[in-house]
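K.L.:
Please work out how this folds:
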Amino acid sequence: MTPSRTPSHTRSCPHGTTAAAATVLALVLAVGGCGSGGELGAPTRSSAPAATGTGPYPTPDDPRGAAPLPAGSGGTPRGGVTRPGDTDQRDADAVGWGALKVMWTFDTTIDSGPGDASARAADAGWLTEAYAARVREHRPRSVPGAQWREWAGHRASTIVTLEKAEDAAMPADTDTEAWRQWVVTTSPQGRDGWAGEPTTVVAFVRLTRTAPDEAWRVADVTVQ
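P.N.:
Purely as a prediction, here's the structure:
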């Protein structure tokens, strides 16, 4: 949760997710509350597209509104929760990396569904106040699907790896806005030794801050 200005997929959706990541986006971000036609809450395997140079970057007069994210149920996932104070908050790369790691870290022993990770990111302080408010206000439309239940049967959590991807179409950083692109891979690992298939998406992150010397925060995430 290939693009021209915003990602698109084969099923029409107001905020434009792509086919390869539609169900993953419903899992993690629920952008616009749109579904993929598959099970809400069931991760799908997708290959990571190469950086296209045509990410979902705005024109100057685009509203760039972000859709709400699922609210979380609380708790600490296996491996803990990375917080902004653990990194250099004036480094947009570091803040984008930290936020995505939290947003894709699921733990079936404490989570009612994968979207709970987005609420943890909000509670940890990675998101702007407006984006965090949307996270907390949203409620999932459906229970997690069969694959999440499979994960839960193994008491699984996810291991998250991130690889920065270059995109020639990204706008240059300003004093108060920056865009970043990451390849995010989540690998479910059961506490019983089970290992599920990894899922990979490309995440486009918009970061903002109020002044050049202030900390960056994530203002929007779109997946491809």
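K.L.:
going forward, measure contacts between C-alpha atoms and count neighbours the same way
P.N.:
OK.
K.L.:
Could you tell me how many residues sit around Gly85?
P.N.:
Using other CA atoms under 10 Å, the number of residues around Gly85 comes to 11.
K.L.:
What values do phi and psi take at it?
P.N.:
phi -70, psi -10 (degrees, to the nearest 10).
K.L.:
With Gly153 instead?
P.N.:
Dihedral angles (degrees, to the nearest 10) for Gly153: phi -60, psi -30.
K.L.:
Can you give me the neighbour number for it?
P.N.:
Neighbours of Gly153 under the rule other CA under 10 Å: 15.
K.L.:
Likewise for the one 3 residues further on?
P.N.:
The burial count assigned to Ala156 is 26, neighbours taken as other CA under 10 Å.
K.L.:
what's it in contact with, if anything?
P.N.:
By CA atoms under 8 Å, 6 or more residues apart in numbering, the contact set of Ala156 is 107-109, 188-191.
K.L.:
ok, those residues vs Val202, which is closest?
P.N.:
Using CA to CA, Pro188 comes nearest to Val202 of these, at 17.9 Å.
K.L.:
Can you give me the distance of the nearest residue in space to the closest one that is not next to it in sequence to Gly196?
P.N.:
In space, Pro188 comes closest to Thr158 once its chain neighbours are excluded; the distance is 4.2 Å by CA to CA, 6 or more residues apart in numbering. Shown here: Thr158 relative to Gly196, a distance of 9 Å by CA to CA, to the nearest Å.
K.L.:
where do the contact lists of these two overlap?
P.N.:
By CA under 8 Å, 6+ apart, Thr158 and Gly196 have these common neighbours: 187-189.
K.L.:
So which of those residues sit within helices?
P.N.:
Among the shared contacts of Thr158 and Gly196, DSSP state H puts none in helices.
K.L.:
I'd like the next helix or strand past the lowest-mean-pLDDT helix or strand in the chain.
P.N.:
Least confident element among the helices and strands of the chain, by mean pLDDT, DSSP states H and E: helix 22-28 (a mean of 39). The helix or strand immediately downstream of helix 22-28 is helix 92-103, counting by DSSP states H and E.
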